[in-house]
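Chemist: make a model of this:
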Amino acid sequence: MKTTFKHLETNTDHYKLSAALKSGYDLKSTLVVREHLASNLIHLPDYATVDTHIIVSIVEEDARKMMGDRYSDESVAVALLKTWGVDFSKGNASTKEEDHKHKFLLVDKFFEMEVSALYPEVIAKYKEWFKVTYNEDTDEETPKSEQEFQETWPLELKRLLAPRTANTWERRYDQMPPPYSHWDGRNVWQQYFFVTPKIDPSVTYYTRGGSGSSGQRHDQGLMAHTFCTLDDNSPIPTQVYLYTKHNAFVLQHEYESFHCINRELSGNYQITLDEKTRLPLAGKLLSLDYETLTFSSKDSDLTAY
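Modeler: I've put the predicted structure just below:
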């Protein structure tokens, strides 16, 4: 039977969630750790993807930065446009949503105009810099002759105004089955928490914890405390997988009861020391050695997380 994965709502606390999941659900957790991709595989399409993107010119990039420094928000742009008699209403029968979209387009056009207006200032800066030749070895600047400058500046100006390309590299995680393939590349580890209704096992609700974002850190704390609360009444199995340097998804260990990494358990998920002392954490915390990517059991030092 194919399982459909859906996101678990985590806008709650572990007291309410553990009460809601106390009966009628099968619970399990999976902890996944990834190795760095082997260096001889990073350019092979079966292991990683490289995409080429067109990006703006050097001049436009600098002009956008200058424009951003001058306008912290849209209020100045809106005020100027109103001064010039620009109408922010889409029409006499328009909705608020239509007016908002109309305003957004007007402000966007204003900022495009401002970027274009800054081109001469940016070009003048580069023109002055181009009048000298910089020696990186000696850290010295030598003025170009007027003839050399006049002969080489037109081509340099075209280079500054030309579109550019940039490459993005991304490791492939699709060798892992769903939902593990939904991976945040900033993470060395991710822990998944699964909730399956007994009345409909074809649907599994899940969320993942990690250190890559505030949302992941919150969910790690919430779900770890929730599963810890429920584990003593009905043990929650936990599997540990390694995503190897060759993109293989390998089972490393299986625990009959709930275990979690001893990181990101509080902070984004708010919990007091008094609340920590009431949780049955003994024997459930795992410490990750970031050099060997191996786990060891950690005593339940409640002040350590």
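
Chemist: distance between stretch 160-174 and the chain's centre?
Modeler: Remark: stretch 160-174 is offset 17 Å from the chain centroid, using CA atoms, centre = their mean, to the nearest Å.

Chemist: other residues contacting it?
Modeler: 37, 42, 46-59, 123, 126, 180-183, 185, 243, 247 (CB atoms under 8 Å, 6 or more residues apart in numbering). The C-beta positions use only the backbone N, C-alpha and C, and glycine is treated the same way.

Chemist: mind checking which of those land in helices?
Modeler: Of the contacts of stretch 160-174, the ones assigned to helices by DSSP state H are I58, V59, I123, Y126.

Chemist: can you flag the buried ones in those residues?
Modeler: Buried by 16 or more other CB atoms under 10 Å: V59, I123, Y126, out of the ones in helices among the contacts of stretch 160-174.

Chemist: could you list every residue that touches the first one?
Modeler: Same thing as V59. Y119, V122, I123, Y126, L160, L161.

Chemist: chain neighbours aside, what residue packs nearest to E254?
Modeler: Q239 (5.3 Å; CB to CB, 6 or more residues apart in numbering).

Chemist: other residues contacting the helix or strand where that neighbour lies?
Modeler: Assessed by DSSP states H and E, Q239 sits inside strand 238-243. Applying CB under 8 Å, 6+ apart, the set of residues contacting strand 238-243 from outside is 28-35, 173, 175-176, 180, 249-255, 257-260, 293, 295.

Chemist: just name the shakiest helix or strand of this protein by mean pLDDT.
Modeler: Within the chain, no helix or strand scores below helix 273-277, which has a mean of 61 by mean pLDDT, DSSP states H and E.

Chemist: following that one in sequence, what is the next regular element?
Modeler: strand 285-289.

Chemist: what's the burial count for A38?
Modeler: 13 (other CB atoms under 10 Å).

Chemist: the residue nearest to it when sequence neighbours are not counted and L293: what is the separation?
Modeler: Leaving aside its sequence neighbours, A38 sits nearest to K245 (CB to CB, 6+ apart; 4.3 Å). K245 is 10 Å from L293, where distance means CB to CB, to the nearest Å.

Chemist: joint contacts of the two?
Modeler: E35.

Chemist: any idea which helix is longest in this structure?
Modeler: The chain, longest helix under DSSP H: helix 96-117.

Chemist: where exactly do the strands run in the stretch 101-250 of the chain?
Modeler: Counting by DSSP state E, counting those that start in this stretch, the stretch 101-250 of the chain has strands at residues 132-135, 140-143, 164-171, 189-197, 203-209, 238-243, 249-255.

Chemist: quick one: closest of those to K22.
Modeler: Of all the strands of the stretch 101-250 of the chain, strand 189-197 sits nearest to K22, with 11.8 Å by CB to CB.

Chemist: what angle sits between that closest one and strand 203-209?
Modeler: Going by axes from the mean of the first three to the mean of the last three CA atoms, to 10 degrees, strand 189-197 is angled at 160 degrees with respect to strand 203-209.

Chemist: what helices and strands are in contact with strand 189-197?
Modeler: Here strand 189-197 touches strand 25-34, strand 203-209, helix 214-231, strand 260-261, going by 3 or more CB pairs under 8 Å, 6 or more residues apart in numbering; DSSP states H and E.
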